[in-house]
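1. Next come a sequence and a model predicted from it.
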Amino acid sequence: NYNEECDSINFEIINSFNPRFLYRLFLEIAKMFNILKRVHLITISNIGNTINFIYTSLAFILTVYLKTRKLKTKEIFIAGDPVSLIASYLAVKNKKHILVYWPLELWVYSDLKTAYLKVLKKLEKRLHKYAVGTLEFGSQRRAILSKENNIPINSIYIIPNAPIGDPEIKRNYYFNELFGIPLEKKIILYAGGITDFNGIPQLIGCLRNMPDNFVLVLHSKIEVKNKNIIKLKEKLEPYNAFLSSKPLPFDKINLIYSSCDIGLMLMVPDNGDWNTNYLNADWSPGKMFNYLKYGVPIITTNLYGYKEFVEGNGIGRIVEDISQVFSKAEEIMFSEIEYKNNCIKLFGDLKFEKYHKIFYDEIISKNYN
């Protein structure tokens, strides 16, 4: 789905070659095509998004090239997707700069639906070999990336999507104060998009079965005036459930993840359409590591390898169905301290700084200094 807010960030990045009238024009084209979804013309409706994506991609690539062609200092370019890989390659080609590829999402050819995306994938595979190093969020994703782009697996370094800093068992009371929640209540937190994909409708449907000692908090950056959000708040009111829509500065993110007793990380794709990125989450979910940093056990969907990772390390429980969330939460509370200690230990073992140092020492320092 087209996300105007995210694309506005793109506009800020590429505004030197993205006049506002062109930006608005292609945005409106995407919106115009999206209207066709109302009459179930899904395939045709995506044409607008593709046109807009092609425009923003080309504008981004050209802007990076124009801004970097006269750079006199040696720089490290970190590409996060095929588009930025193309832009970074043009910036470092025949120059003293170096290129690192860190794909934030796996682009698997069989998952791609449009000809344009498949062309980008072919370019990614062709240009990836020019990177001096590659980063990926875990061994599963590393194996897939190695196979897809024909890159030696030993040249891909694993790095967790974890916040920096030392872990500590820390309980803040942001939501207790915001909603007047009694301190003796146990808060289950879902932080992220309020969407069907995250199982929110099923979660709300289970609220009647939530034990009295639990409180559910949904936290997201959303417009309270939105009609769907108003309806959502009305559904929550009869239960010990609250909707938090007050965004905090990024440097206050610890208040969110440390102000709960259990953290949720749920995914329920439409029609069971689990693509490669969903199934092979590995160490990519930032919210999971934010919970672990403060000793907060998690309840998550059963992704590839997660039963061994989550339950094997004693950091939480797996659910096969959203209806199991509250029963799993009770099980965690029976051994709360043990779970918290396990979270702290695992976060310490998977600290970003440890993995980053290996990559830096073996790749960056040798090519940059």
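-> Noted; the coordinates are in hand. Residues are numbered from 1 along each chain as shown.
2. I'd like to know which elements the helix or strand harbouring residue 327 is packed against.
-> Following DSSP states H and E, one finds residue 327 within helix 325-334. Secondary-structure packing of helix 325-334 (3 or more Cβ pairs under 8 Å, 6 or more residues apart in numbering; DSSP states H and E): strand 186-191, strand 262-265, strand 298-301, strand 316-319. Backbone N, C-alpha and C define where each C-beta goes, glycine included.
3. Just the residues contacting stretch 302-315, thanks.
-> Contact with stretch 302-315 is made by 140, 267, 278-282, 292, 297-298, 300, 316-320, 338-339, 342-343, 346, as judged by Cβ atoms under 8 Å, 6 or more residues apart in numbering.
4. how about a cut-off of 6 Å?
-> Stretch 302-315 has contacts (Cβ atoms under 6 Å, 6 or more residues apart in numbering) with 279-281, 297, 300, 316, 318, 320, 342-343, 346.
5. On the three-state scheme, residue 259 is what?
-> Secondary structure state of residue 259, per DSSP: H, G, I helix; E, B strand; the rest coil, is coil.
6. Let me have the helices and strands packed on helix 325-334 in JSON lines, adding mean pLDDT and mean neighbour count as columns.
-> Converted to JSON lines, those look like this (pLDDT from 0 to 100; neighbours: other Cβ atoms under 10 Å):
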{"stretch": "strand 186-191", "mean pLDDT": "96", "mean neighbour count": "22"}
{"stretch": "strand 262-265", "mean pLDDT": "96", "mean neighbour count": "25"}
{"stretch": "strand 298-301", "mean pLDDT": "95", "mean neighbour count": "24"}
{"stretch": "strand 316-319", "mean pLDDT": "96", "mean neighbour count": "22"}
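7. Make JSON lines out of those strands and add distance to residue 274.
-> Shown next, in JSON lines, are those (distance: least, Cβ to Cβ, whole Å):
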{"stretch": "strand 186-191", "distance to residue 274": "20"}
{"stretch": "strand 262-265", "distance to residue 274": "15"}
{"stretch": "strand 298-301", "distance to residue 274": "10"}
{"stretch": "strand 316-319", "distance to residue 274": "15"}
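8. picking that back up, got the buried residues for the helix holding residue 327?
-> Residues 325-326, 328-329, 332-333 are the ones in helix 325-334 that count as buried (16 or more other Cβ atoms under 10 Å).
9. and what of stretch 135-154?
-> So, applying 16+ other Cβ under 10 Å, buried residues of stretch 135-154: 135-138, 140-142, 144-146, 148-149, 151.
10. Counting only helices, which of these make the cut?
-> Among the buried residues of stretch 135-154, the ones falling in helices (DSSP state H) are 140-142, 144-146, 148-149.
11. for the residue of the chain most remote from its centre, helix, strand, or coil?
-> Going by Cα atoms, centre = their mean, the residue of the chain most distant from its centre is residue 72, 34.5 Å out. Per three-state DSSP, the local secondary structure of residue 72 is coil.
12. Tell me who's in contact with it.
-> Here residue 72 is in contact with no residue (Cβ under 6 Å, 6+ apart).
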